[in-house]
Structure formats: structure tokens, C-alpha cells
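S.K.: give me a model of this one.
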Amino acid sequence: MAGKAHRIPGEGAQPRQPDFRFERRREQLAAGGAALTAIKNLAEKNGLIEPEMPPAIAKMLHTTGESMWTNKSGGSTGMFDIVFTKKGAESGGNLRILFDGSMKPSENSSPVDLKDGSTNAQSALSKIRNSALGKQLDTVGGWNPGSAANANALTSGKNGGDAGVFGMVLTNNTDAYAKANASKILDTIYKYL
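M.R.: Predicted coordinates for the structure are as follows:
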């Protein structure tokens, strides 16, 4: 994308409404792997083009001056993390969504509580650990049923134990936020992969 500058809509353009909103204004966001691809595609769809990195900056950063997106998609798996900082009486916490972009959610997608010890939970956790999603989970510190964080597998069918697992949601003091927003966030990510 060398030589291209940012394109900004004119004053008369209507702002695009996001698919989900952050209401508390105390969030910190992180993304990795295929989530960066979704962010790049969303930016480009909205007219934002990454400018070429000036050689002096590239030298200072010890890079070749290539795009920040070059060779950083991390394959088909990705992570989107939201950290809520503690503010007053509100507690802090985080929501981490891991996903495998090579598997798509379906109309029958359903969550499986991985802490409940059921056959479906054990099957879904085994599928996670033996897949690209499990490797992604290992890069963010892993998870087991004894962990403090709650976790749900996101499956591609109503019977979670027999269905494929395309994602995992880890929550720490953010269960209500996750229930209300995790599927919207994932839908947005998948839309732009």
C-alpha cells in the first residue's frame, strides 16, 4: 500500500454505527492473530489505508518498513481481549475470546460451560486442546476447569459434545458482559475475516 494516505469521509458522511459498543469507557483492547486481519479489513472497508512507514522510522524500529499487517495474521486462529479497569465501586475484569477462523459458526451454534464437568464439557475441552484453538489457548496462558476464570466453548451445533468447536470465551468478573456481547463481537470478527 505504498504511497497511499488515509482517506477520511467528508463532513456530510454519516458515521457508521458499530456492531457492538463499549459503554463504560474504561476498556483496554488487545488483538492477535487472525483478529488483526479482521481489524485491517474493517479499517479498509471504512476507507482507512495504512500509510507507508518512512525509512527513518523503520530503521528506528528495526523493521524493513513493511506493513504492520505483513506476516502477522497468525494463520486462522485469533484472540480478542477486553480488560475492564477497576473504577470506583465497579470491579475490574476481562473478557478473552479465542476463535478459529477456519471454522464458521452456524445457526445452531451454542455455548458449552467448560467448568460444569459434563460429558459435553469434557468433549469440547478435548477438541479445543487437540486443535489449532488449543495452541492459541496455550499462547495466552492456558486454562483448566480449576482456573479462576469461567470458560465456554462455542460450538457449531446444538449438541455441544458432538459439534465442532470454533471458539472459546474466557471471563473473569465479566460474565454478564460476555453473555450480552461475546456473540456480537465474534459475528463482527467473522464478518471481516
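
S.K.: distance of residue 173 from residue 85?
M.R.: 12 Å (Cβ to Cβ, to the nearest Å). Just so you know, the C-beta spots here come from the backbone N, C-alpha and C atoms, and that holds for glycine as well.

S.K.: pick out whichever of these two has more residues nearby.
M.R.: residue 173 (17 against 12; other Cβ atoms under 10 Å).

S.K.: next up, the contacts around the closest residue to the more buried one other than its chain neighbours.
M.R.: Nearest in space to residue 173, with sequence neighbours left out and distances taken as Cβ to Cβ, 6 or more residues apart in numbering, is residue 93 at 3.0 Å. Counting by Cβ atoms under 8 Å, 6 or more residues apart in numbering, residue 93 makes contact with 83-84, 171-174.

S.K.: surely residue 120 is in contact with residue 114?
M.R.: No - assessed by Cβ atoms under 8 Å, residue 120 is found out of contact with residue 114, at 9.3 Å.

S.K.: the two: which is more packed in?
M.R.: Neighbours were counted for residue 120 and for residue 114 using other Cβ under 10 Å; residue 114 has more, 25 against 20.

S.K.: what ranges do the helices span in the protein?
M.R.: 34-45, 55-60, 119-129, 132-139, 175-191 (DSSP state H).
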